[in-house]
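> just coords:
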């Protein structure tokens, strides 16, 4: 299998504080990889390094085949990112948002026209395409946000707690979108606090105090820890944590 | 480049769709110019004056009665010597003093001309100016009356002295002042808030993850406000020329060039604030307290810097608005060319470059 994310002892220090400690993992093409951990465990720091937003203190990593030290610009072109805040502009219309985010990734006018048409059709937003995003319900915003994050056909998409504050039904629909994208060969790297969502992932890692303490499929993890739910796996690991928020 | 235009379009959409903010942006300078221009130069009624009547003859009495008959003056008291005028001024009640020399009547009768000294408390230049104008016109009126009744042409020369502020600075000073204030407000606050808003909304992260350069993000934020501010400068100038009858004596091009420099200074300050703050409220407060107050206090438009303690005078030198204020005043009111303001321009440019370097450095540190 082709590894699109590959890290080796990736570490980030802030003075004496080691936010991310020797993280070693591989994520494969088309995989849905869950990146779990309690608040303050170092998830965000690790993810920022993988996105090329922050330079690691030591260790190595390659994202989509590009080095995190030297080729951050190339990394940026090949990844998509969506945060917990459904990062769209409320005062722009649906189409304007699509054109803006596509535009800053350098898509041509033809591509923008074609892709935005496809996207609107796929999400069933024909009626709303010229409405301000601020007037859309949260669930739609979130789906739109995800679709915009993958508009430029990245190889990996990073989702930072994409379903915070959303009802279970909408969450379910959102995960259907994620599955579709993974089937098209997109790699999904997702952080979440919902253990039911952890079950949807192919493999998950759990971070405790800056270290990756467990990395396997949900089924294997449960049997390793001798428990029946991901909740209990997480609880057993996170209980020992010394850092909180 | 195409990406940059995409970004600019989005920024203009943000600015133009926020109608309330737009209204404030363009309403504020208009309101300020009109308020400062009219409300603060209102006519003065029943101003208290003191009189030193050395002459105490028929003509001087006639003149004084005429003054009192007008609704503008009220003779507070008649004192006997000039030093007492000083005391009356310092007590603060009296705004104007009139000194009629001895032999007023005799001088008029023999030489056909006489002099009167008008002393005004010019620490409030607007009032002082208005009052001396009233006195002069009443004296001219009296003189015409005399001429008409006797057929001989009499001349009474009012000799005016502006105490405390001989050049009457402050009369039209508010136009350059309002310009500095409005530009400071628009550029610093709006830029800071609009950048911090992206941080708050979480869209900044998306922009940083994208291949779009962070420096470009900041640059494209600043450009709409640069344009808005230039429009504001034009509005203020139009108002002051056509509504307040304050002509622009110097070069309009130079005025706009200097304004652009000051706008860039303000934008840089805005960017600097936005880099260091995480919430819109904090950004707004810092812009208001940190920039507006020094602008009002130290630009010299409300409070004369010359009268401040030395320490504050030194501090005032680092306030960009002070230099801009001097520049605009020199161009608009004194009609100076670039040769007359190159020093101030250089200082302003220096401050801008310094701020630019500091904020770019901080910006990079924050990103790492």
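That came through fine. Keep in mind that what you see is a predicted model, and the values were worked out from it rather than measured. Numbering: from 1, shown residues only, chains lettered A, B, ... in the order given.
> in chain A, which segments are predicted with low confidence?
Counting by pLDDT under 70, chain A has low-confidence residues at A:86, A:244-245.
> now do the strands in it.
A:3-14, A:17-28, A:32-37, A:58-63, A:66-67, A:79-82, A:156-160, A:187-191, A:203-208, A:211-216 (DSSP state E).
> redo those strands as a markdown table? Include distance to chain B and mean neighbour count.
All C-beta atoms are positioned from the backbone trio N, CA, C, and that covers glycine. Shown next, in a markdown table, are the strands of chain A (distance: least, C-beta to the nearest C-beta, whole Å; neighbours: other C-beta atoms under 10 Å in any protein chain shown):
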| stretch | distance to chain B | mean neighbour count |
| --- | --- | --- |
| strand A:3-14 | 11 | 18 |
| strand A:17-28 | 14 | 18 |
| strand A:32-37 | 16 | 25 |
| strand A:58-63 | 12 | 18 |
| strand A:66-67 | 12 | 17 |
| strand A:79-82 | 4 | 26 |
| strand A:156-160 | 8 | 24 |
| strand A:187-191 | 12 | 24 |
| strand A:203-208 | 20 | 23 |
| strand A:211-216 | 22 | 18 |
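> what's the helix or strand for the residue in the stretch 1-150 of chain B that chain A sits nearest to?
Nearest to chain A, among the residues of the stretch 1-150 of chain B, is residue B:6, at 3.3 Å (C-beta to the nearest C-beta). With elements taken from DSSP states H and E, the one containing residue B:6 is helix B:2-17.
> buried residues, that helix. List them.
Applying a neighbour-count criterion of 16 or more other C-beta atoms under 10 Å in any protein chain shown, one finds B:3, B:4, B:6, B:7, B:8, B:9, B:10, B:11, B:13, B:14, B:15 buried in helix B:2-17.
> residue A:60: which of these is nearest?
residue B:3 (30.5 Å; C-beta to C-beta).
> surely the closest one touches residue B:212?
Yes: contact criterion C-beta atoms under 8 Å: residue B:3 and residue B:212 qualify, at 5.8 Å.
> shared neighbours of the two, anything?
Counting by C-beta atoms under 8 Å, 6 or more residues apart in numbering or on different chains, the common neighbours of residue B:3 and residue B:212 are residue A:104.
> which parts of chain A sit against chain B?
A:51-55, A:73, A:76-77, A:79, A:81-89, A:91-92, A:96, A:99-101, A:103-106, A:149, A:158 (C-beta under 8 Å from any C-beta of the partner chain).
> how about a cut-off of 7 Å?
Within chain A, the residues that sit near chain B (C-beta under 7 Å from any C-beta of the partner chain) are A:51, A:53-55, A:73, A:76-77, A:79, A:81, A:83, A:85, A:87, A:89, A:91-92, A:96, A:100, A:103-106.
> for these, which ChimeraX command selects only the ones that are buried?
The buried residues among the residues of chain A next to chain B can be selected in ChimeraX (16+ other C-beta under 10 Å) with this line:
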select /A:51,53,54,76,77,79,81,83,85,87,89,91,92,96,100,103,104,105
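> out of the residues of chain A next to chain B, which sit inside helices?
Among these, the residues falling in helices (DSSP state H) are A:73, A:76, A:77, A:96, A:100, A:103, A:104.
> can you list these in CSV and add distance to residue A:26?
Shown next, in CSV, are these (distance: C-beta to C-beta, whole Å):
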residue, distance to residue A:26
A:73, 23
A:76, 21
A:77, 22
A:96, 38
A:100, 34
A:103, 33
A:104, 30
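> look up how far residue B:124 lies from residue B:138.
Residue B:138 sits 20 Å away from residue B:124, going by C-beta to C-beta, to the nearest Å.
> tell me the residue of the stretch 101-250 of chain B that sits nearest chain A?
Nearest residue of the stretch 101-250 of chain B to chain A: residue B:202, at 3.2 Å (C-beta to the nearest C-beta).
> OK, contacts around that residue?
Shown in contact with residue B:202 (C-beta atoms under 7 Å, 6 or more residues apart in numbering or on different chains): A:83, A:85, A:87.
> and what of residue B:136?
Counting by C-beta under 7 Å, 6+ apart, residue B:136 has contacts residue B:158.
> check which helix or strand covers it.
Assigned by DSSP H and E, residue B:136 belongs to helix B:125-150.
> list the buried residues for that helix?
Those would be B:125-132, B:134-135, B:138-139, B:142-143, B:146, for helix B:125-150 by 16+ other C-beta under 10 Å.
> one step back: could the strands of chain A go into TSV alongside distance to residue B:271?
Putting the strands of chain A into TSV (distance: least, C-beta to C-beta, whole Å) gives the following:
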stretch	distance to residue B:271
strand A:3-14	25
strand A:17-28	28
strand A:32-37	34
strand A:58-63	30
strand A:66-67	30
strand A:79-82	24
strand A:156-160	26
strand A:187-191	31
strand A:203-208	35
strand A:211-216	38
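> out of these, which is closest to residue B:221?
strand A:79-82 (20.2 Å).
> what sits closest to residue B:352 if chain neighbours are left out?
Of all residues not flanking residue B:352 in the chain, residue B:265 sits nearest, at 4.4 Å (C-beta to C-beta, 6 or more residues apart in numbering or on different chains).
> how far away is the one you found from chain A?
According to C-beta to the nearest C-beta, to the nearest Å, residue B:265 stands 28 Å off from chain A.
> assumed that residue was part of a helix.
Yes: per DSSP: H, G, I helix; E, B strand; the rest coil, residue B:265 lies within a helix segment.
> check contacts around it.
Residues near residue B:265 by C-beta under 7 Å, 6+ apart: B:320, B:348, B:351, B:352, B:355.
> what's the farthest-apart pair in those?
Greatest spatial distance among those (C-beta to C-beta): B:348 and B:355, at 10.8 Å.
> those two: which has the busier surroundings?
residue B:348 (23 against 20; other C-beta atoms under 10 Å in any protein chain shown).
> what about the more buried one, which SS state?
Going by three-state DSSP: residue B:348 is helix.
> contacts only, for it.
Applying C-beta under 7 Å, 6+ apart, the residues near residue B:348 are B:261, B:262, B:265, B:320, B:323, B:324.
> how does it look with 10 Å?
Residue B:348 sits next to B:258, B:261-262, B:264-265, B:320-324, B:326-327, B:341 when contact means C-beta atoms under 10 Å, 6 or more residues apart in numbering or on different chains.
> what of residue B:279?
Shown in contact with residue B:279 (C-beta under 10 Å, 6+ apart): B:193, B:196, B:197, B:199, B:200, B:285.
> from those, which are also near chain A?
B:197, B:200 (C-beta under 10 Å from any C-beta of the partner chain).
> out of the contacts of residue B:279, which sit inside helices?
Among these, the residues falling in helices (DSSP H) are B:193, B:196, B:197, B:199, B:200, B:285.
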